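Trainee: let me see the structure of the following:
(one chain, ligands or ions: 3)
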Amino acid sequence: MSKSLRKQILERGDLPTHIAIIMDGNGRWAKSRNLPRFSGHIEGINSVREIVRVCGEIGVSYLTLYTFSSENWNRPQKEVSAIMKLLLSTIKKEIKNLHKNNVRLSTIGNLADLPSDSRQGMLDGIEMTKNNLGLNLNLALSYGSRQELLRAVRRIADKIQSGEMTQDQISEEIMSRELYTANVPDPDLLIRTGGEARISNFLLWQSAYTEFYMTDNFWPEFREKELLNSILEYQTRQRRFGQTGEQVSA
Ligand code: IPE
Ligand code: IPE
Ligand code: MG
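Mentor: Residues are numbered from 1 along each chain as shown. Ligands and ions are numbered 1, 2, ... in the order given. As a prediction, this is how the structure comes out:
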């Protein structure tokens, strides 16, 4: 099944270069099985492992995973600290395998907000994999797009104040360069699991012309087949970027 889906996708040829995913629905997955919310986060890691592997295998260049938002700090303290511990134990357990598979790890967001051991675990993983040339796996951690935009505005304002640049030099390129995603192309495909149809403060600037794919599957249920189906659907879309259909198909 998945084999033939893979074949179809690769034959069509226009694989998304960058896939971003809002991994939502862990808590509801657990609830629907009468399990504590936390077991949804644990099962969600199995989806992460599988999606990372498949993206690497089919040749996706960038995968950005919304792992923890700026607003997720407002969850009950017990859940927040359990997620932070899970983050650390997962990265410690998985990093060797990621490295072996040529994955290059990076993060976006305010890493300084993380507890120091979780932050250090991430930094160690980034350092270990920094020369890898396979899949770029980018984890959005303590990430909020509005906060990212404000940070960019402040950085630009600093440069103007110090005389490094002038106001009329502000452009889309300059703005993009001051975001966490400076060296990353905009996402081609943005997937949201868990049935909600909202962006929840994720990649507001970067997703201006991204194709959205929403699914009712909870994140722990989202595996190879679901990913391949989302890519197949993406491949049927016509990206017009404001132009007419005739223009872009010419
Ligand atoms: C996504 O699942 C994981 C995080 C936001 C950390 P949720 O925990 O939001 O699951 P639901 O939306 O409550 O089902
Ligand atoms: C978005 O999910 C954040 C992550 C998946 C990390 P949320 O569960 O926090 O989103 P809302 O609160 O339902 O919008
Ligand atoms: Mg949620």
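Trainee: just the element for the closest residue to Ile58 other than its chain neighbours, please.
Mentor: In space, and not counting its chain neighbours, Ile58 is closest to Arg6: 6.2 Å by Cβ to Cβ, 6 or more residues apart in numbering. (Glycine included, C-beta is placed from N, CA and C.) Assigned by DSSP states H and E, Arg6 belongs to helix 2-12.
Trainee: just the CA coordinates of that helix, formatted as CSV?
Mentor: Taking Å, rounded to 0.1, in the frame of the first residue of the first chain, the C-alpha atoms of helix 2-12 are listed here in CSV:
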residue,chain,number,x,y,z
SER,A,2,2.6,2.5,1.2
LYS,A,3,5.0,1.3,-1.4
SER,A,4,2.7,2.1,-4.2
LEU,A,5,1.8,5.5,-2.6
ARG,A,6,5.5,6.3,-2.5
LYS,A,7,5.9,5.3,-6.1
GLN,A,8,3.0,7.5,-7.2
ILE,A,9,4.5,10.5,-5.3
LEU,A,10,8.0,10.1,-6.6
GLU,A,11,6.7,9.6,-10.1
ARG,A,12,4.7,12.9,-9.9
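Trainee: just to revisit the earlier point, how close does the residue nearest to Ile58 get to ligand 1?
Mentor: 27 Å (Cβ to the nearest ligand atom, to the nearest Å).
Trainee: is Asn136 bridged to anything, and to what?
Mentor: Tyr62, Arg104 (DSSP bridges).
Trainee: OK, contacts around it?
Mentor: Ser61, Tyr62, Leu63, Val103, Arg104, Ser106, Val184 (Cβ atoms under 8 Å, 6 or more residues apart in numbering).
Trainee: can you rerun that using 10 Å?
Mentor: By Cβ atoms under 10 Å, 6 or more residues apart in numbering, the contact set of Asn136 is 18, 55-56, 60-64, 103-106, 129, 183-184.
Trainee: okay, who's weakest in the residues you listed by pLDDT?
Mentor: Lowest pLDDT among these: Asn183, with 91.
Trainee: let me see the contact set for that residue.
Mentor: Tyr62, Ser106, Asn136, Ser176, Arg177.
Trainee: then Ile174?
Mentor: By Cβ under 10 Å, 6+ apart, Ile174 lies in contact with Ala152, Arg155, Ile156, Lys159, Met165.
Trainee: take the residues you listed and keep only those in helices.
Mentor: Judged by DSSP state H, helices contain the following of the contacts of Ile174: Ala152, Arg155, Ile156, Lys159.
Trainee: quick one, which of these are buried?
Mentor: Using 16 or more other Cβ atoms under 10 Å as the burial test, the ones in helices among the contacts of Ile174 include Ala152, Ile156, Lys159 as buried.
Trainee: just give the closest residue to the last one, not the sequence neighbours.
Mentor: What it means is Lys159. Here the residue nearest Lys159, using Cβ to Cβ, 6+ apart, is Met165, at 4.8 Å.
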